[in-house]
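*Asks:* This is the structure alone, sequence omitted:
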């Protein structure tokens, strides 16, 4: 009997030494690019080796680097999953655009124009919750400076992605499969744009630039996880609420850009990550999966990672049964959640896995986390959840 495969959605808890060393890195003249040193690179290499060993120990079979090589732009801290991309492209400058006070996107019948990405309708529905530092949804003081596209977007992250690849591959045993995360064009293009004539031009510029990163990762034989929360999350950030038809037409452009950026790359090494945003808010205004899935399935990828343990979306597993899932598509459902401190029981994890195994077969299911756990729950809780994930996969396999 083979055990159902397991993985994570990317981010894992950083060590205190890595956090401190990252915070101490010098910031370049552009205001957000972090400089590196051989000593820091060695620290990252050692940390990746350790986190890969810990994943194996708890039963993770498709390991990642925990996103340890992705810069956290202290002191502004844009986050690793998305903000790291600012370190790897040219054409960006810091401006005083405040994403918490500007409209996210405006919609008129037949047209959506993206302007920023933070003004969520969920915030308007629960203003006291988001303003309360003790609510769990409070996201801190609004940023007053943020990277903006002020020139041509060009990829300059060759050394950085090569380091990511080197650090992870050095830890892999023969025949062991690993993955690295990378931002998808649709999510990358949510920075302010003051250079390109339209959002569409901005989006395709990011697709052209990021293609180089995707190719480097897959050329190394690693899976690239294409992080694109924007596919679902943009819905909540467009004012006024658009029609579903207009939204899907807008979202289709992100899928087209993603397919362009990955054209010719091995499909089995392409994993799309779909989620509704990892912040700990009510999420009462999330778009239903049934509305979104037909558009997402047009992505030319070998697997799709998605939230299936989040209490707002767990019930939607049945949507997959009602959908014509391509025969070669692998499902990577989240079966432990980043949104609660409660550690899932392995029997519950097994039940969640079995739901999807009954739809597409166990060989086409890789059990995962909803989103990255690093920074979203306490490290001890994160590793307890991953242990439950590994044990749950063993029980489901039995």
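*Replies:* The structure has been received and is ready for your questions. Just so you know, these numbers come straight off a predicted model, no measurement behind them.
*Asks:* from here on, contacts and neighbour counts on C-alpha atoms
*Replies:* Noted.
*Asks:* what sits up against stretch 357-368?
*Replies:* Applying C-alpha atoms under 8 Å, 6 or more residues apart in numbering, the contact partners of stretch 357-368 are 4-9, 305, 320-321, 329-336, 353-354, 356, 389, 393, 397.
*Asks:* Would it be right to say that residue 395 lies in a strand?
*Replies:* No. Counting by DSSP: H, G, I helix; E, B strand; the rest coil, residue 395 is not found in a strand; it is helix.
*Asks:* so what's it up against?
*Replies:* Neighbours of residue 395 in contact, by C-alpha under 8 Å, 6+ apart: 346, 347, 350.
*Asks:* Among the contacts of stretch 357-368, which lie within strands?
*Replies:* Applying DSSP state E to the contacts of stretch 357-368, the entries found in strands are 5, 6, 305, 330, 331, 332, 333, 334, 335, 336.
*Asks:* Out of those residues, name the two that are farthest from one another.
*Replies:* Greatest spatial distance in the ones in strands among the contacts of stretch 357-368: 330 and 336, 18.2 Å, computed using C-alpha to C-alpha.
*Asks:* which residues touch residue 172?
*Replies:* Counting by C-alpha under 8 Å, 6+ apart, residue 172 has contacts residue 178.
*Asks:* quick one: it and residue 61, what's the gap?
*Replies:* In this view, residue 172 and residue 61 are 11 Å apart by C-alpha to C-alpha, to the nearest Å.
*Asks:* Over to residue 29?
*Replies:* Distance from residue 29 to residue 61, counting by C-alpha to C-alpha: 41 Å.
*Asks:* and those two? which has more neighbours close in?
*Replies:* Set residue 29 next to residue 61 and count neighbours by other C-alpha atoms under 10 Å: residue 61 wins out with 22 against 8.
*Asks:* Read off the pLDDT value for that one.
*Replies:* At residue 61, the model reports a pLDDT of 97.
*Asks:* Number of residues surrounding the spatially closest residue to it that is not a sequence neighbour?
*Replies:* Using C-alpha to C-alpha, 6 or more residues apart in numbering and skipping the chain neighbours, the partner closest in space to residue 61 is residue 6 (5.2 Å). A count of neighbours around residue 6, defined by other C-alpha under 10 Å, yields 24.
*Asks:* I'd say residue 6 and residue 56 touch.
*Replies:* No. Applying C-alpha atoms under 8 Å, one finds residue 6 not in contact with residue 56, separated by 10.1 Å.
*Asks:* which residues of this structure score low on pLDDT?
*Replies:* For the chain, the stretches flagged by pLDDT under 70 are 1, 30-32, 72-80, 97-108, 110, 113-118, 139-145.
*Asks:* Which parts of it are helices?
*Replies:* 16-23, 38-58, 80-83, 121-125, 127-131, 158-169, 185-188, 199-219, 230-233, 244-261, 289-296, 317-321, 346-360, 379-397 (DSSP state H).
*Asks:* Dump those helices into JSON lines; add distance to residue 368 as well.
*Replies:* Shown next, in JSON lines, are the helices of the chain (distance: least, C-alpha to C-alpha, whole Å):
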{"stretch": "helix 16-23", "distance to residue 368": "25"}
{"stretch": "helix 38-58", "distance to residue 368": "12"}
{"stretch": "helix 80-83", "distance to residue 368": "17"}
{"stretch": "helix 121-125", "distance to residue 368": "26"}
{"stretch": "helix 127-131", "distance to residue 368": "28"}
{"stretch": "helix 158-169", "distance to residue 368": "19"}
{"stretch": "helix 185-188", "distance to residue 368": "21"}
{"stretch": "helix 199-219", "distance to residue 368": "21"}
{"stretch": "helix 230-233", "distance to residue 368": "19"}
{"stretch": "helix 244-261", "distance to residue 368": "22"}
{"stretch": "helix 289-296", "distance to residue 368": "18"}
{"stretch": "helix 317-321", "distance to residue 368": "14"}
{"stretch": "helix 346-360", "distance to residue 368": "9"}
{"stretch": "helix 379-397", "distance to residue 368": "7"}
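*Asks:* Of all these, which one comes closest to residue 89?
*Replies:* Comparing those by C-alpha to C-alpha, helix 199-219 comes nearest, at 7.5 Å.
*Asks:* quick one: the closest one to helix 244-261, angle?
*Replies:* Angle of helix 199-219 versus helix 244-261, following axes from the mean of the first three to the mean of the last three C-alpha atoms, to 10 degrees, is 40 degrees.
*Asks:* Contacts for helix 199-219 next, please.
*Replies:* Under C-alpha under 8 Å, 6+ apart, the answer for helix 199-219 is 89, 113-114, 152-155, 157-158, 161-162, 165, 180, 182-186, 188-189, 193, 196, 223-224, 253-254, 257-258, 260-262, 265-266, 269.
*Asks:* check contacts around the residue positioned nearest the centre of the chain.
*Replies:* For the chain, the residue nearest the mean C-alpha position is residue 227 (3.7 Å; C-alpha atoms, centre = their mean). Residue 227 sits next to 81, 181, 182, 183, 184, 187, 272, 273, 274 when contact means C-alpha under 8 Å, 6+ apart.
*Asks:* Could you rank the residues you listed by neighbour count and give me the top one?
*Replies:* Using other C-alpha under 10 Å as the neighbour test, the contacts of residue 227 are led by residue 184, with 30 neighbours.
*Asks:* OK, contacts around it?
*Replies:* Going by C-alpha under 8 Å, 6+ apart, the list of residues near residue 184 reads 207, 210, 226, 227, 228, 258.
*Asks:* Could you report the separation of the fourth one from residue 147?
*Replies:* Right, the one you point to is residue 227. Distance from residue 227 to residue 147, by C-alpha to C-alpha: 19 Å.
*Asks:* Report the buried residues of stretch 186-205.
*Replies:* 186-193, 195-196, 199-200, 202-205 (16 or more other C-alpha atoms under 10 Å).
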